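*Asks:* how would this look folded up:
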Amino acid sequence: MAEGVPYVDVRTVEEFEAGHPAGAVNVPLNLLGASGMVPNADFMKTMESSFPKDAPVILGCKSGGRSFRAAQMLVDTGFATVFDQRAGWDGIRDAFGRLVEPGWARQALPAEPGQPSGRSWADMRKTR
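*Replies:* This is a model prediction of the structure:
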């Protein structure tokens, strides 16, 4: 990020609003619907219209699962340099729920709350 590589937080709008890496943009892989999490039909369209396929991008989520799936999708559609911030916002946990690798927030890295102008999902989806 210090070198200008965008950080795309693929968590839900609600998760992003509660706190995210400072400077991150929100393009959720899933959205919260009336029946729970549903796939975001506009995820790929928004990523392709917002970021050049030949430029690097960093993906993150809560604990690595969604960002890994999103990274696979991007690579499969021709994105050349995709970095998965695998421990995500919270961290990786073992089968017993114990933290085995701290995420962004647990390492006290720069963070911010809310829906920053130009970086919220509402703003990002306008680019498609």
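*Asks:* biggest helix in this protein by residues?
*Replies:* helix 65-76 (DSSP state H).
*Asks:* quick one, grab the pLDDT at the residue sitting furthest away from the middle of the chain.
*Replies:* Distance from the C-alpha centroid of the chain peaks at Phe96, with 25.0 Å (Cα atoms, centre = their mean). Here the pLDDT value assigned to Phe96 is 97.
*Asks:* about what we covered before: what's the longest helix of the chain packed up against?
*Replies:* helix 43-50, strand 57-60, strand 82-84 (3 or more Cβ pairs under 8 Å, 6 or more residues apart in numbering; DSSP states H and E). Every C-beta, even on glycine, is put in place using the N, C-alpha and C of the backbone.
*Asks:* now do the first one: everything it contacts.
*Replies:* Residues lying outside helix 43-50 but in contact with it, judged by Cβ atoms under 8 Å, 6 or more residues apart in numbering, are 8, 10, 25, 27-29, 57, 70, 73-74, 77, 79, 124-125, 127-128.
*Asks:* please repeat the previous calculation with a cut-off of 7 Å.
*Replies:* With contacts defined as Cβ atoms under 7 Å, 6 or more residues apart in numbering, helix 43-50 is touched by Val27, Leu29, Met73, Leu74, Thr77, Met124, Arg125, Thr127, Arg128.
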